[in-house]
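Engineer: below is the sequence, then the predicted model.
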Amino acid sequence: MKVVVIGGTGLIGSKLVGKLGEHGHEAVAAAPNTGVNTLTGEGLAEVLEGAAVVVDVSNSPSFADEPVMEFFRTSTTNLLECAAKAGVGHYVALSVVGTDRMLESGYFRAKSVQERLIRESGQAYSIVHATQFFEFVKTIADISTVDGVVHLPPGLIQPMAAEDVAAGLGHVAIGQPVNGLREIGGPEQYQLPELVRKGLAAKGDPRDVVVDEQATYYGVRLSERTLLPGPDARLGEITFDKWLAQQ
């Protein structure tokens, strides 16, 4: 079947396109650099023609409050409208585990709006909530560094490899719409500071990582389980140690 992947040239999208192709599906990568722009609507009608499924893994180029809200509101509205006109039977979107628990953040408020637009569209859909990716451990450290020291709040995290994110998305995309949420996560839980400390050490990064009760995660105050998926989550197979060894 034809599956259009919005954001199909990025980290997750490119892996998803590859996996769908390996399973015999016609997977089409759609992104600004392939002539498809969800913000302007350019190329959307053409790329969605004949598609059975659309998977949106696109992300805002800016995480500032107003631009990120504008991105998700406009791009989702355009994509939903064009998908409906094209008769797409299954609308799939990638979002984040804990989105509804992190609304202090403008980014997660925007993701919440994206999810609401999809739910209220009347289209058959599946929203996939994924935990944080191993690939962004260094980013977490960088945005949490003050005077050369990484300050992180305590709290559990169950991160996963981008490869497993793509596999989980593919599983949902080729299945029946759930008209609700599906969660995916990694095989192991870590304390957030422990995860980042381990990731930095593996890269030879000398920064100290300290537990700071006043620190935030992307501007959000965490409870112990804010970042964890529920008990019904589909778990990936790639451990952090295995992923680090592959880098």
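Structural biologist: The structure has been received and is ready for your questions.
Engineer: any idea how far V146 lies from F136?
Structural biologist: Distance, V146 to F136, by Cβ to Cβ, to the nearest Å: 19 Å. The C-beta positions use only the backbone N, C-alpha and C, and glycine is treated the same way.
Engineer: okay, those two: which has more neighbours?
Structural biologist: Taking other Cβ atoms under 10 Å, V146 and F136 do not tie; F136 has more neighbours (15 against 10).
Engineer: residues in contact with the lengthiest helix in the chain?
Structural biologist: Identified as the longest helix of the chain according to DSSP state H is helix 65-86. Identification of contacts with helix 65-86 by Cβ atoms under 8 Å, 6 or more residues apart in numbering yields 6, 38-41, 44-45, 48-51, 54, 56, 58, 60-62, 91, 93, 106-107, 109-111, 113-114, 117-118, 121, 123.
Engineer: likewise for stretch 37-52?
Structural biologist: Residues from elsewhere that reach stretch 37-52, judged by Cβ under 8 Å, 6+ apart: 1-4, 6, 28, 30, 34-36, 54, 56, 58, 71, 74-76, 78-79, 82-83, 85-86, 88-90.
Engineer: with adjacent residues omitted, what lies nearest to Q132?
Structural biologist: In space, Q132 comes closest to P159 once its chain neighbours are excluded; the distance is 4.6 Å by Cβ to Cβ, 6 or more residues apart in numbering.
Engineer: please verify my assumption that the one you found contacts V137.
Structural biologist: Yes - using Cβ atoms under 8 Å, P159 makes contact with V137 at a distance of 7.3 Å.
Engineer: shared neighbours of those two, anything?
Structural biologist: In contact with both P159 and V137: L195, using Cβ under 8 Å, 6+ apart.
Engineer: rewinding a little: drop anything exposed from the contacts of stretch 37-52.
Structural biologist: The neighbour count (16 or more other Cβ atoms under 10 Å) marks 2-4, 6, 28, 30, 36, 54, 56, 58, 71, 75-76, 78-79, 82-83, 86, 88, 90 as buried among the contacts of stretch 37-52.
Engineer: helix, strand, or coil at L16?
Structural biologist: What DSSP: H, G, I helix; E, B strand; the rest coil gives for L16 is helix.
Engineer: tell me which residues touch it, please.
Structural biologist: So L16 contacts V5, G8, A27, V55, V57, A166, L169, G170, A173 (Cβ under 8 Å, 6+ apart).
Engineer: between the residues you listed, which is nearest E183?
Structural biologist: E183 lies nearest to L169 out of the contacts of L16, by Cβ to Cβ, at 12.0 Å.
Engineer: would you confirm that that closest one contacts A93?
Structural biologist: No - between L169 and A93 there is no contact under Cβ under 8 Å: 9.6 Å.
Engineer: how close does V178 sit to G21?
Structural biologist: From V178 to G21 the distance is 24 Å (Cβ to Cβ).
Engineer: any idea which helix or strand carries the nearest residue to D100 once chain neighbours are set aside?
Structural biologist: Nearest residue to D100 in three dimensions, chain neighbours excluded: S112, at 6.5 Å (Cβ to Cβ, 6+ apart). According to DSSP states H and E, S112 maps onto helix 106-119.
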